[in-house]
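Visitor: Structure, please.
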Amino acid sequence: MNTQIFRPWSALGLPALGRVTFERITYDSGMRVHLKESGSAGRRLYLDFIQLPTAIRIANESMRLVSLQLIPKEIETSFFLVENSDFLAWLHNDSLGIYKDDPIFHLAIVTDEWIDIICNEKPVLVIEGR
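Guide: Coordinates of the predicted model:
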């Protein structure tokens, strides 16, 4: 039974962002997720992770049909903090629990591509455009 809870994530300190589309991910000493706002605004959004996240998983949303049913339908956002995360449970199990005391969390970015990120710090949001 899937007990994951997807809560809208607005920890970036800005008004709630609507739905976004995924463009790409680039890596340097950290990681940047390139996104674009859906709709007329069409601003480019970047989530900058200063350090590489602990784990990342990307799948087409058609491969996440069970999880997709857990997304609140009335919420118009692509950003979620996942409680009771199966992905985080997998990490703890597979690493023999060495991260269990670390302040890590599971961030899900739900677009046509579903991006799951386990990290220990909030990304920096950069907005370009109109």
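Visitor: Now Ile29. Its backbone dihedrals?
Guide: Not quite, residue 29 is Ser, not Ile. phi -80, psi -20 (degrees, to the nearest 10).
Visitor: Confirm for me that it is in contact with Gln51.
Guide: Yes - Ser29 sits in contact with Gln51 when judged by Cβ atoms under 8 Å, with a separation of 7.5 Å. Glycine gets a C-beta too; all of them are placed from N, C-alpha and C.
Visitor: These two: which has the busier surroundings?
Guide: Between Ser29 and Gln51, counting by other Cβ atoms under 10 Å, Gln51 is the more crowded of the two (11 against 8).
Visitor: so how far is Gly129 from the closest residue to Glu37 other than its chain neighbours?
Guide: Spatially, and ignoring its direct neighbours in sequence, Glu37 is nearest to Arg43 (4.8 Å; Cβ to Cβ, 6 or more residues apart in numbering). Arg43 sits 4 Å away from Gly129, going by Cβ to Cβ, to the nearest Å.
Visitor: the more surrounded of these two?
Guide: Each of Arg43 and Gly129 has its neighbours counted (other Cβ under 10 Å); Arg43 has more, 14 against 10.
Visitor: pretty sure that one is in contact with Ile127, am I right?
Guide: Yes - Arg43 is within contact range of Ile127, at 5.5 Å (criterion: Cβ under 8 Å).
Visitor: wouldn't Glu113 be in contact with Ile58 here?
Guide: Yes - taking Cβ under 8 Å as the definition, Glu113 is a contact partner of Ile58 at 5.8 Å.
Visitor: what's the residue nearest the centre of the chain sitting at in phi/psi?
Guide: Taking Cα atoms, centre = their mean, the centroid of the chain lies closest to Ala108, which sits 2.8 Å from it. Main-chain dihedrals, Ala108, degrees, to the nearest 10: phi -110, psi 130.
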